[in-house]
Structures are given as C-alpha cells and as structure tokens.
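K.L.:
I would like to see how this sequence folds:
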Amino acid sequence: MTETNNTQSNATPAAADVPAAAEGQQQEQRRGGRGDGRGDRRGGDRRGRRGQERDSEWQERVVQIRRVSKTVKGGKKMSFRAIVVVGNEKGQVGVGVGKAGDVIGAVRKGVADGKKHLVKVPLTRHSSIPTLSNGRDGAASVLIRPAAPGTGVIAGGSIRTVLELAGIKNVLAKRLGSKTPLNNARAAMDALAGLRTHKETAKERGISLEQIYS
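P.N.:
This is a model prediction of the structure:
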C-alpha cells in the first residue's frame, strides 16, 4: 500500500491542469512581476538551496534493518524495521525507528522519527563531554567518560554511531548488559541527555563556578 500511495502522489499532473497553472503564472506577471520570469526562478533557486543546506547539515546512518512480522487475522503481515541515527555533528543527535513494507520507506520513517527526538549534547573545546555519565534503557547500560585530546572515539556498535554523529571526537564508552543495538543506542542517548556543563551545575547548586573547580 505504501508504494501505491507514493506513486499516486508523484504522478504527473493531468493535461487539464496545465492551462490553469499557465494562467496563474500570467496573472502573477501582470501584477508586477517580470515578464521573463527571472525573479521567480531566482526565488525558487534560493529556496531550493536553503533546503539543500538544511538537509546537508544532517547525517543519517542506518544501524540495523530487520524483517519483522505481525500476526493478524488472515495470517502474518511482513514488514521491515529500520533503526536510524540522525545527527549534525554539532551537538545534536537523535535515534529513530521506522517500520514499513519496504526498506526505503522504513528508513525514511526512521529519519523522521529521529529528528523528532533530538538531544542537545554539551561539548567541550576539545570535542569531548564535560563529565562522566551513565545511561540505561531496558537491560542495556552504557558508561560514557570524557577523554583527553587525541584519544578518539573508543566505543563500538550503535553507541559509536551515536557519539560520532553527536560531534564527540574524544570519549571513552563501555557497554554493560544487553547487546541489542536499539537498547544500546537509546541508553547512549539517555547518558547524553543527562550531561550538564559546569556552569549549569554551579547554577543548580547555587555556588560559584570557581568553587566547582576547587
């Protein structure tokens, strides 16, 4: 059903619709637009470039694609589940899950779901995290620790993907418990969501920033 809807939405307009669109363009030109249509083309190009720049900021990586089934009245309904990590490498990252009848539709839904659940990560000047953090989701537990410049991302599996797309370049991470990629990715997200800068911690405790370092 997904492929049928996409085909209908991308279909070319009918012949009866083309004259109506042409008349609309002529009316816009009469109202004060240029006769050669350069202004419309320039405006469309600018909007298209802005949209491409916004899309180019985000990177998507597919962590896992599995074929799943759901038992219904007539038997079993087969579909695909995709786990996707979305990030801009500037402190924002999200994990999304999408299910569809085809792989492309599942990945598209996973990207949209990941952008709805973004987490802002505080980064230091050395592209690391400010403090140690623990995260848990289900039976999976993740420990994330800051590292010195030049260490790199010491992690594996879906945790490494989450940390890299968040923009963290020096960090130590250890997976504890479950090996499920989805639970590990969400546990890493939980650990990143619990991070606080030293300035925010001092404000919450009602003390000065100098007392935090002392």
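K.L.:
where does the chain dip in pLDDT?
P.N.:
Across the chain, the ranges flagged by pLDDT under 70 are 1-55, 212, 214.
K.L.:
which stretch of helix or strand covers the residue nearest in space to the middle of the chain?
P.N.:
Residue closest to the average C-alpha location in the chain (C-alpha atoms, centre = their mean): Val86, at 2.5 Å. Assigned by DSSP states H and E, Val86 belongs to strand 75-87.
K.L.:
Identify the neighbouring strands of the very next helix or strand once past that strand in the sheet and state each direction.
P.N.:
Scanning forward in sequence from strand 75-87 by DSSP H and E, the next helix or strand is strand 92-100. Strand 92-100 pairs in its sheet with strand 75-87 (antiparallel), strand 118-120 (antiparallel), by DSSP bridges.
K.L.:
Include distance to Leu165 when you put those into TSV, please.
P.N.:
The way it works is simple: take the backbone N, C-alpha and C, and place the C-beta from them, glycine included. What follows is these, written out as TSV (distance: least, C-beta to C-beta, whole Å):
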stretch	distance to Leu165
strand 75-87	3
strand 118-120	11
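K.L.:
Tell me which of those strands is the most buried.
P.N.:
Mean neighbours per residue, mean count of other C-beta atoms under 10 Å, is largest over these for strand 75-87, with a mean of 19.
K.L.:
Can I get that one in PDB, CA atoms only?
P.N.:
Provided in PDB are the C-alpha atoms of strand 75-87 (Å, rounded to 0.1, in the frame of the first residue of the first chain):
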ATOM      1  CA  GLY A  75      -2.100 -14.800   8.800                       C
ATOM      2  CA  LYS A  76       1.200 -12.900   9.200                       C
ATOM      3  CA  LYS A  77       2.000  -9.400   7.900                       C
ATOM      4  CA  MET A  78       5.700  -9.000   7.000                       C
ATOM      5  CA  SER A  79       7.400  -5.600   7.200                       C
ATOM      6  CA  PHE A  80      10.800  -4.100   7.700                       C
ATOM      7  CA  ARG A  81      12.100  -2.200  10.800                       C
ATOM      8  CA  ALA A  82      15.000   0.200  10.500                       C
ATOM      9  CA  ILE A  83      17.000   1.800  13.300                       C
ATOM     10  CA  VAL A  84      18.500   5.100  12.200                       C
ATOM     11  CA  VAL A  85      20.700   7.600  14.000                       C
ATOM     12  CA  VAL A  86      20.400  11.200  12.900                       C
ATOM     13  CA  GLY A  87      22.900  14.000  13.900                       C
END
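K.L.:
residues near Lys116, how many?
P.N.:
Close neighbours of Lys116, defined as other C-beta atoms under 10 Å, add up to 10.
K.L.:
oh, I was asking about Gly152
P.N.:
Using other C-beta under 10 Å: Gly152 sits among 11 other residues.
K.L.:
So it versus Gly177, what's the distance?
P.N.:
From Gly152 over to Gly177 the distance is 24 Å, taken as C-beta to C-beta, to the nearest Å.
K.L.:
cool, Ala191 as well?
P.N.:
Distance from Ala191 to Gly177, counting by C-beta to C-beta: 13 Å.
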